[in-house]
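**Q** build me a structure from this.
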Amino acid sequence: MKIQVIIGSVRQGRIGPQIAQWVQDSLMAAGEECSTEIIDLAQWPLPMNDEPFMPSSGQYLQPHTLRWSEKISQGQMMIFVFPQYNWGYPAALKNAIDHLYHEWKGKPALMVSYANRGGGKAAAQLKQVLEGIHMQPLSAGIEIKLSELAFAGDGAIDQAAEGLSPYLPQLIEALKEAFSLTKASR
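**A** Next up is the predicted model:
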C-alpha cells in the first residue's frame, strides 16, 4: 500500500514536519508492507479557486492542479497531519483538498491532529469534508496533546520520537484498519 502523509500546515515554525517524519519512521519500523511519502503543502503552491471548472468535472487546466492531481492519484491511503487553528483545520489543507475531487475517492484517511488538547474539533470538521469527497475516514484518529510534550527553545518538539511514542499503538491500529478497508474494496 502506498501511503501519502500530507503536512497540512504551511506556517513558519510549524511542527507538522516533525510529526509527519515520526509517522513515516514509525510505519517503516512496523514492518508492514507499505511505502510512505511525505507531501508538504508548503512545497505545493495551489492558488485559491483558479480553475474554471468544478473539481468534480475532472477538467483541470492549471499546471499546478494537473501535477497535484497526478501526485494524489498515486496514493492508496492518506494520513493528514494538521494543527488545530481556532478550533478548525488550516485553510491550506482545505484548499489542497478542494483542488481535486475524484482523486480522493474511496481512499482510507487517517487524521493526525495536534493542539494543546489534541485537535479534536479540527479533526471533526475535517472528517465531514473527507466524507463529502467520499474518502473512508478511519474509525479513530490520533489527537496529539501538545501540553504533554516537551519543546526546545526554537519551538521544535524535544525528542520527538520519544514524546510521540505513546501514540504508536493508535498508528499501528489505524494501519491495520486501512489494510482491512483496502482489501474489502478490491
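**Q** so for the longest helix along the chain, what gets flagged as buried?
**A** Ranked by residue count under DSSP state H, the longest helix found in the chain is helix 168-185. Buried positions in helix 168-185, judged by neighbour count with 16 or more other C-beta atoms under 10 Å: 168, 170-171, 174-175, 177-179, 181-182. Using the backbone N, CA and C atoms, a C-beta is placed for each residue, glycine as well.
**Q** show me where this structure has helices.
**A** For the chain, applying DSSP H gives helices covering 16-30, 63-73, 91-98, 120-132, 160-164, 168-185.
**Q** M1 is nearest to which of the ones you listed?
**A** M1 lies closest to helix 168-185 among the helices of the chain, at 6.1 Å (C-beta to C-beta).
**Q** may I have stretch 102-119 exported as PDB, CA atoms only?
**A** Only the C-alpha atoms of stretch 102-119 are listed here, as PDB (Å, rounded to 0.1, in the frame of the first residue of the first chain):
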ATOM      1  CA  HIS A 102     -12.200  12.100  -7.800                       C
ATOM      2  CA  GLU A 103      -8.500  11.600  -6.800                       C
ATOM      3  CA  TRP A 104      -9.600  11.200  -3.100                       C
ATOM      4  CA  LYS A 105     -12.500   8.900  -3.600                       C
ATOM      5  CA  GLY A 106     -12.500   5.600  -1.700                       C
ATOM      6  CA  LYS A 107      -9.100   6.000  -0.100                       C
ATOM      7  CA  PRO A 108      -8.700   5.400   3.600                       C
ATOM      8  CA  ALA A 109      -7.800   8.500   5.600                       C
ATOM      9  CA  LEU A 110      -6.200   8.900   9.000                       C
ATOM     10  CA  MET A 111      -6.300  12.200  10.700                       C
ATOM     11  CA  VAL A 112      -3.400  13.100  13.000                       C
ATOM     12  CA  SER A 113      -4.300  16.400  14.600                       C
ATOM     13  CA  TYR A 114      -2.300  18.300  17.200                       C
ATOM     14  CA  ALA A 115      -3.100  21.100  19.600                       C
ATOM     15  CA  ASN A 116      -2.800  21.900  23.200                       C
ATOM     16  CA  ARG A 117      -5.700  19.400  23.900                       C
ATOM     17  CA  GLY A 118      -5.300  17.300  20.800                       C
ATOM     18  CA  GLY A 119      -7.200  19.000  18.000                       C
END
